[in-house]
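Everything below, folded, please.
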Amino acid sequence: MSIGQILENLKSFSVEEALLWRAEAKPGQQKRVSDIVRSFCDNQENIKFCSHLLVLNQYKDIGEFFLANLILKPSTLSWDEKEMVARHPALSSNFLREKKMKLGVKEEEILYHHERWDGQGHFGLKGEDIPFTCRVLAPIDVYVALTSDRPYRRAYPYDQALKEIRGQAGKAFDLHLMEEVIKAIQSPAPYCEKLACQK
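Here you go, the predicted model:
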């Protein structure tokens, strides 16, 4: 199905259906991201900012619902398939606009949440042109994804996942935020004992 065909079908589904699918397809992922976000916000001492990040985290990837066959594919995606998945922020934005959702987050935060610090992302935004909220969530999102099982691979060990995101500081992720994000990841959180991620 093309992006055009997907956009034509947005009215056929509810936000609740899409959120439920994502919770089932990636069990526990949003909670784990939320735990780290709360740790990050504790360090920043900003409750309003934390609430904003938590809402953005809940809805930013809702467009993945329309790419379920690719998201759940048990093998590595082709280049064309990866390009299709890379368009899920636009699907999220269009879907939420179609449903007239009033979330308190800006459309640009939904659209640009996968942009890269070096400007090599889908929309080409670079550095501080990327919304600050997106720059905070990006490495947290990737860390949680890496340490989660996927249909095509097993979860990365904790140390390897941290090494991966540290290695992308100044490339995919905001260099200046990396140590604060790492500190938040390493803070005690409900899922840490299960993953043996505390030092």
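
Lys102 versus the residue nearest to the spatial centre of the chain, what's the distance?
What sits nearest the mean C-alpha location of the chain, by CA atoms, centre = their mean, is Asp141, with 4.4 Å. Relative to Lys102, Asp141 is positioned 24 Å away (CB to CB, to the nearest Å). (Glycine included, C-beta is placed from N, CA and C.)

Phe66 now?
Taking CB to CB, one finds Phe66 at 22 Å from Lys102.

And Pro89, by the same measure?
In this view, Pro89 and Lys102 are 19 Å apart by CB to CB.

which of the two has more neighbours?
Using other CB atoms under 10 Å as the criterion, Pro89 and Lys102 rank with Pro89 on top: 24 against 7.

What helix or strand is that one located in?
helix 88-98 (DSSP states H and E).

What's the mean pLDDT across whichever helix or strand comes after that helix?
Going down the chain from helix 88-98, the next helix or strand is helix 107-111, by DSSP H and E. The pLDDT scores in helix 107-111 average 95.

and what of stretch 149-169?
93.

The closest residue to Pro131 other than its chain neighbours: neighbour count?
Counting by CB to CB, 6 or more residues apart in numbering, Glu109 is the residue found nearest to Pro131 once chain neighbours are left out, at 5.0 Å. Glu109 has 23 neighbours, counted by other CB under 10 Å.

so who does Glu109 touch?
For Glu109, the contacting residues are Leu56, Lys60, Pro131, Thr133, Cys134, by CB atoms under 8 Å, 6 or more residues apart in numbering.

now what about the host helix or strand of Glu17, what contacts it?
Here Glu17 sits within helix 15-25, counting by DSSP H and E. Contact with helix 15-25 is made by 30, 58, 61-62, 64-66, 68, 71-72, 95-96, 99, 101, as judged by CB under 8 Å, 6+ apart.

ditto for stretch 58-77
With CB under 8 Å, 6+ apart as the criterion, stretch 58-77 contacts 6, 9-10, 13, 15, 17-19, 21-22, 25, 30, 81, 84-85, 87-96, 101, 103, 105, 109-110, 113, 137, 151-152.

Let me see the mean pLDDT of that stretch.
Here the average pLDDT along stretch 58-77 is 92.

Could I get the buried residue list for that stretch?
Across stretch 58-77, burial judged by 16 or more other CB atoms under 10 Å covers Gln58, Tyr59, Lys60, Asp61, Ile62, Gly63, Glu64, Phe65, Phe66, Leu67, Ile71, Lys73.

And stretch 35-51, by the same measure?
Buried positions in stretch 35-51, judged by neighbour count with 16+ other CB under 10 Å: Asp35, Ile36, Val37, Arg38, Ser39, Phe40, Cys41, Phe49, Cys50.

Endpoints of that stretch, how far apart?
12 Å (CA to CA, to the nearest Å).

do stretch 52-69 as well
End-to-end distance of stretch 52-69 (CA to CA): 30 Å.
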